[in-house]
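In: structure here, sequence nowhere to be found:
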């Protein structure tokens with residue numbers, strides 16, 4: 001019988017197809033994350049920790065939280081109207097971003113209340129009813145209090161805002 005030589009040798013196996021960039025994608029992602037972290041750290045150092053960057057105006061630091069002072073009891077004064085007896089009742093709140101200003105206000109409360117009584121009693125009913133009348137009064141109050149506080153301290157613009165929490169005219 002004839003020997004059937006069958007080729008039992010198998011052809012060398014073809015190399016396994018490479019994974020579609022798994023290692024490469026991981027390395028790329030790792031490099032991008034490291035670059036982002038380095039950039040973020042440099043930005044933090046430059047904008048937050050570097051006083052020269054702040055001084056140059058490159059970034060504005062966050063504003064401190066507001067501090068509110070309620071002026072109670074409410075003010076009740078006669079208005080400047082001559083023809084008819086009119087009055088105003090107002091609850092006034094002051095806002096500053098400096099906690100020391102609240103102490104300054106408390107210390108000089110009698111002088112502040114006096115100035116507010118004078119300011120409120122100079123108002124006319126019709127002026128306060130006009131558009132922008134109450135806003136003009138708020139600005140006058142703010143300016144008057146800031147002027148007064150500047151006399152007692154080095155604070156030029158101690159009060160940032162003035163609010164009416166109640167306002168009644170009759």
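Out: Everything's here; your move. All of these numbers come straight from a predicted model, not from anything done at the bench.

In: give the rounded mean pLDDT of stretch 158-166.
Out: Averaging pLDDT along stretch 158-166 yields 97.

In: and that stretch, which residues are buried?
Out: 158-160, 162 (16 or more other C-beta atoms under 10 Å). C-beta here means a position set from N, CA and C on the backbone, and glycine is covered the same way.

In: out of those, the closest to residue 31 would be?
Out: residue 160 (47.4 Å; C-beta to C-beta).

In: pretty sure that closest one sits against residue 95.
Out: Yes: here residue 160 reaches residue 95: they are 5.4 Å apart, a contact under C-beta atoms under 8 Å.

In: now do the shared contacts for the two.
Out: The contact sets of residue 160 and residue 95 overlap at residue 66 (C-beta atoms under 8 Å, 6 or more residues apart in numbering).

In: elements contacting the helix or strand where residue 138 lies?
Out: Assigned by DSSP states H and E, residue 138 belongs to helix 133-152. Applying 3 or more C-beta pairs under 8 Å, 6 or more residues apart in numbering; DSSP states H and E, we find helix 133-152 packed against helix 99-107, helix 109-121, helix 125-129, strand 161-169.

In: packing partners for the first one?
Out: Yep, that's helix 99-107 we're talking about. Applying 3+ C-beta pairs under 8 Å, 6+ apart, we find helix 99-107 packed against strand 67-78, helix 133-152.

In: could I get the buried residue list for that helix?
Out: For helix 99-107, burial by neighbour count (16+ other C-beta under 10 Å) applies to 101, 104-105.

In: between the two ends of stretch 150-164, how far is it?
Out: Taking C-alpha to C-alpha, to the nearest Å, the first and last residues of stretch 150-164 lie 23 Å apart.

In: for residue 66, which of the helices and strands packed on helix 133-152 is the nearest?
Out: The nearest among the helices and strands packed on helix 133-152, by C-beta to C-beta, is strand 161-169 at 7.9 Å.
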